[in-house]
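Student: structure for the following, please:
(chains A and B)
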Amino acid sequence: MSYQEKKILTNMLSGIVVLVAYYIYAFGRYRNGLAEANDLKFWAGAMLLFIGIGVVASIIIMIIFHILYAIAIAVKQRNYDDKEINHTIEASMVEDEMDTLIGLKSSRIGFIFAGIGFVAALVSLMLGQPPFVMLNLLFFSFSIGSLAEGGFSIYYYRKGL
Amino acid sequence: MKKNIEITNTIRTLRFFANEMTQQQLAEKTGVSRQTIIAVEAGKYSPSLELAFRIADAFGVQIGEVFGYETKGENK
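Tutor: Residues are numbered from 1 along each chain as shown, chains lettered A, B, ... in the order given. Just a heads-up that it's a prediction; the model follows:
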């Protein structure tokens, strides 16, 4: 598995963890009666909080990922000198035209998921569902869109363009 | 009517004749990742014209000696 694939998988995992944590937190409070369905301030606040947590977690996880990645290469090439190890690490992290193209194609698919979610959110309102359902559908679809983007990136790396 | 074409390449052969140049060495010469070279060599990715020229330049040959195409039926 290449550096890019590992990086995308790590990002996807952190996204899944944050999404699950949001649902445990928000719906846990809702089920326990600590939050009302119509309390849009609570739902918006919870989403903003977890978006913030997601950004911070993603940065921290990426730092840890890069440290572990460098250690893994250093261990694998323990008989080489530092210059050679640095060279291997830098060479494996090169981003080129194929990465850009895969990024563009998979982000387009991600936006399709987000768009479908947006329409589903509007439909839910039309069907008389409370606004928190719409908000959660939006949040969920954007998260799924992001995960789909990662999934399709890996698919394109494996299958080719 | 549009013809379906498949881009072919002779990168593996050219690497062999260039003292068994590794994919990593070719990647470094052309400024892309090894993964991209693997994909191009396997026919999974058609490179940009710029990268195609850089690959040909790395072997010191004309672009036509590296890349070619095969016609595969016709598409409306």
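Student: make it CA atoms for all contacts and neighbour counts henceforth
Tutor: Will do.
Student: any idea of the mean pLDDT for stretch A:2-19?
Tutor: Mean per-residue pLDDT for stretch A:2-19: 92.
Student: that stretch close to chain B?
Tutor: Yes. Figure legend: stretch A:2-19 in contact with chain B (Cα under 8 Å from any Cα of the partner chain); contacting residues residue A:2.
Student: in chain B, where's the longest helix?
Tutor: Residue-count comparison of every helix in chain B, with assignments taken from DSSP state H, identifies helix B:49-59 as the longest.
Student: alongside chain B, which residues does chain A contribute?
Tutor: By Cα under 8 Å from any Cα, the residues of chain A that approach chain B are A:2, A:91-98, A:159-161.
Student: looking at the residues you listed, spot the one nearest chain B.
Tutor: The shortest distance between chain B and any of the residues of chain A next to chain B, using Cα to the nearest Cα, involves residue A:160 and amounts to 4.4 Å.
Student: where does the closest residue to the closest one other than its chain neighbours land in three-state SS?
Tutor: Nearest non-adjacent residue to residue A:160, counting by Cα to Cα, 6 or more residues apart in numbering or on different chains: residue B:44, 4.4 Å away. The three-state label given to residue B:44 by DSSP: H, G, I helix; E, B strand; the rest coil is coil.
Student: for residue B:44, give me its contacts.
Tutor: Residues near residue B:44 by Cα atoms under 8 Å, 6 or more residues apart in numbering or on different chains: A:159-161.
Student: buried among these? Need that as a selection in ChimeraX.
Tutor: This is the ChimeraX syntax for the buried subset of these, where burial follows 16 or more other Cα atoms under 10 Å in any protein chain shown:
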select /A:160,161
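Student: spell out which parts of chain B neighbour chain A.
Tutor: Taking Cα under 8 Å from any Cα as the test, the list of chain B residues beside chain A reads B:28, B:31-36, B:39, B:44-48.
Student: how about a cut-off of 7 Å?
Tutor: B:32-33, B:36, B:39, B:44-45 (Cα under 7 Å from any Cα of the partner chain).
Student: may I ask which two of these are separated the most?
Tutor: In these, two members sit farther apart than any others by Cα to Cα. They are B:32 and B:44, at 15.3 Å.
Student: distance check, the residue in chain B that chain A sits nearest to against residue B:6.
Tutor: Scanning chain B for proximity to chain A using Cα to the nearest Cα identifies residue B:44 as nearest, at 4.4 Å. Residue B:44 sits 10 Å away from residue B:6, going by Cα to Cα, to the nearest Å.
Student: spell out the residue ranges of the helices in chain A.
Tutor: A:3-31, A:40-76, A:82-92, A:97-126, A:131-159.
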